[in-house]
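Peer 1: sequence and predicted structure below; questions after.
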Amino acid sequence: RRHPPREHDPLIRGSPTCRSKTPSARCRRPPPCATLVAEDRGKAGSAWRCAQGPRERVPVSASPEPGLSGLGFTVLLAEDDEPVRHLVQRILERLGLRVIPTADGEAALAAATAHDGAIDLLLTDVAMPGLIGPQLARRFSELYPGAPVLFMSGHPDDALRDEGVLEPGAPFLRKPFDPQALALRVRELLEAS
């Protein structure tokens, strides 16, 4: 029996075809890509996919957009999917933002309450266990009036609005997204606030 080359084994760490939904002993990171995109698949978890060719690489120090460093912005990040949370945190930190990462709505609310300084933006997943994104946003806005909220989800925003989950006009970013799209939305919201 012939086996495929090991560099294309979907369970070998670093393989361009590695599509691990959760970290495992054999595949602990997303595939090497020019742009890594976290794909939310609802209750099935998330997976990584390449937005561009699988062999291209971007240096770790590369920034997707000009930074916002030096402006002292802090972002509260609420995302229950750990690989997505880490990816988004890295993107935001590359922009020069301080990030408070949390795994769910309750943890985000506790972090917002305990935080000493200003929180300039809430970036939250819509669907999380317990306190969902829109509920978190309402409570966050009581603590930090005027701070913008950016929702993200793998579900289409029009479906979420039709179901009454999201308010019309609420800032929204659909997963999967690339670092540039996230950077642009965050920059727009921070500059407008």
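Peer 2: In hand now; what should we look at?
Peer 1: mind listing the helices for the chain?
Peer 2: According to DSSP state H, the chain carries its helices in the segments 82-94, 105-114, 133-143, 157-162, 179-192.
Peer 1: any idea which of those helices is most buried?
Peer 2: helix 82-94 (a mean of 20; mean count of other Cβ atoms under 10 Å). All C-beta spots, glycine's among them, are computed from the backbone N, C-alpha and C.
Peer 1: in TSV: the helices of the chain, plus distance to residue 168 and mean pLDDT.
Peer 2: What follows is the helices of the chain, written out as TSV (distance: least, Cβ to Cβ, whole Å; pLDDT from 0 to 100):
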stretch	distance to residue 168	mean pLDDT
helix 82-94	25	95
helix 105-114	22	98
helix 133-143	12	97
helix 157-162	6	80
helix 179-192	17	94
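Peer 1: let's have the ones you listed in a markdown table, adding distance to residue 73.
Peer 2: Converted to a markdown table, those look like this (distance: least, Cβ to Cβ, whole Å):
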| stretch | distance to residue 73 |
| --- | --- |
| helix 82-94 | 9 |
| helix 105-114 | 15 |
| helix 133-143 | 16 |
| helix 157-162 | 24 |
| helix 179-192 | 6 |
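Peer 1: determine which of the ones you listed approaches residue 121 most closely.
Peer 2: Ranking these by proximity to residue 121 (Cβ to Cβ) places helix 179-192 first, at 5.9 Å.
Peer 1: show me what that closest one is packed against.
Peer 2: helix 82-94, strand 121-125, strand 149-153, strand 172-174 (3 or more Cβ pairs under 8 Å, 6 or more residues apart in numbering; DSSP states H and E).
Peer 1: by how many degrees do the third one and helix 179-192 diverge?
Peer 2: Comparing the axes of strand 149-153 and helix 179-192 via axes from the mean of the first three to the mean of the last three Cα atoms, to 10 degrees yields an angle of 160 degrees.
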